[in-house]
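Q: no sequence on this one, just coordinates:
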């Protein structure tokens, strides 16, 4: 099994973290998106969308979209609930991550961490702050009631949202006013086999 990705990408880190927690072996294939390596013809043959992460199974089948990959890898484990309602709640948080969280926090992080906050993107960067804070407030409210996002046990919903949330400082955001999120981050970092994100550089 191969995983194509960028080590400091939150979406790619989700895959690395699930593999670590579940002790799933894989080969990491690094791609530099800023150098256009995800648009190379040989990569586009595997995934016409030209995005990472990409999972390539031993038989050649390919799977893209980080949360789809995470759910595939976690199938049959405690990270992916079997109960229909809990599974739907897990997916609800994953959709939240993609539509209400990632477009704000991850985009701010990309502009700041990857691009160095260029003048041409400062207005866009600032415009993402309100949405970022709204997403954090939603998480903070939920985590006041449960240890993890779905219940008192971790699921792939937590993995999906942990990736960019715990690097919020790289998006110019502070978690000082979100004690429940801070406690949640600490709980995830204490899970057996936890793997930290590789620092930039």
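A: It's in. Fair warning: this is a prediction, and the values are worked out from it, not measured in the lab.

Q: Domain map for this structure?
A: 2-74, 84-189 (automatic domain parsing).

Q: Looking at the last one now, give me its mean pLDDT.
A: Model confidence over domain 84-189 averages 98 on the pLDDT scale.

Q: Look at that domain and report the distance between its end residues.
A: 27 Å (CA to CA, to the nearest Å).

Q: What of the first one?
A: The first and final residues of domain 2-74 sit 16 Å from each other (CA to CA).

Q: can you map out the strands along this protein?
A: For the chain, strands defined by DSSP state E occupy the ranges 2-5, 27-30, 54-56, 62-64.

Q: With respect to burial, which of those scores highest?
A: Neighbour counts (mean count of other CB atoms under 10 Å) averaged over each of the strands of the chain peak at strand 54-56, with a mean of 23. For the C-beta atoms, the positions are set from N, CA and C on the backbone; glycine is no exception.

Q: which helices and strands does it pack with?
A: Contact here means 3 or more CB pairs under 8 Å, 6 or more residues apart in numbering; DSSP states H and E; on that basis strand 54-56 packs against strand 2-5, strand 62-64, helix 66-74.

Q: mind listing what that strand pairs with, with the direction of each?
A: Partner strands and pairing direction for strand 54-56 (DSSP bridges) are strand 2-5 (antiparallel), strand 62-64 (antiparallel).

Q: between these, which gets nearest to residue 70?
A: Residue 70 sits nearest to strand 62-64 of all those, at 10.2 Å, using CB to CB.

Q: tell me how far that closest one is from the chain's mean position?
A: 16 Å (CA atoms, centre = their mean, to the nearest Å).

Q: swap in stretch 163-179?
A: 14 Å.

Q: contacting residues around that stretch?
A: 10-11, 13-14, 17, 97, 101-102, 105-106, 108-109, 112-113, 125, 129, 132-133, 136-137, 139-140, 181-182, 185, 188-189, 197 (CB atoms under 8 Å, 6 or more residues apart in numbering).

Q: got it, and stretch 30-45?
A: Contacts with stretch 30-45, where a contact means CB under 8 Å, 6+ apart, come from 4-7, 9, 50-52, 54, 114.

Q: Among these, which has the minimum pLDDT value?
A: residue 7 (90).

Q: Name the nearest residue to that residue, ignoring sequence neighbours.
A: residue 198 (4.2 Å; CB to CB, 6 or more residues apart in numbering).

Q: Distance-wise, check that neighbour relative to residue 40.
A: 22 Å (CB to CB, to the nearest Å).

Q: for the protein, what spans make up the helices?
A: 10-21, 41-44, 66-74, 84-96, 107-109, 122-127, 129-142, 156-165, 179-189 (DSSP state H).
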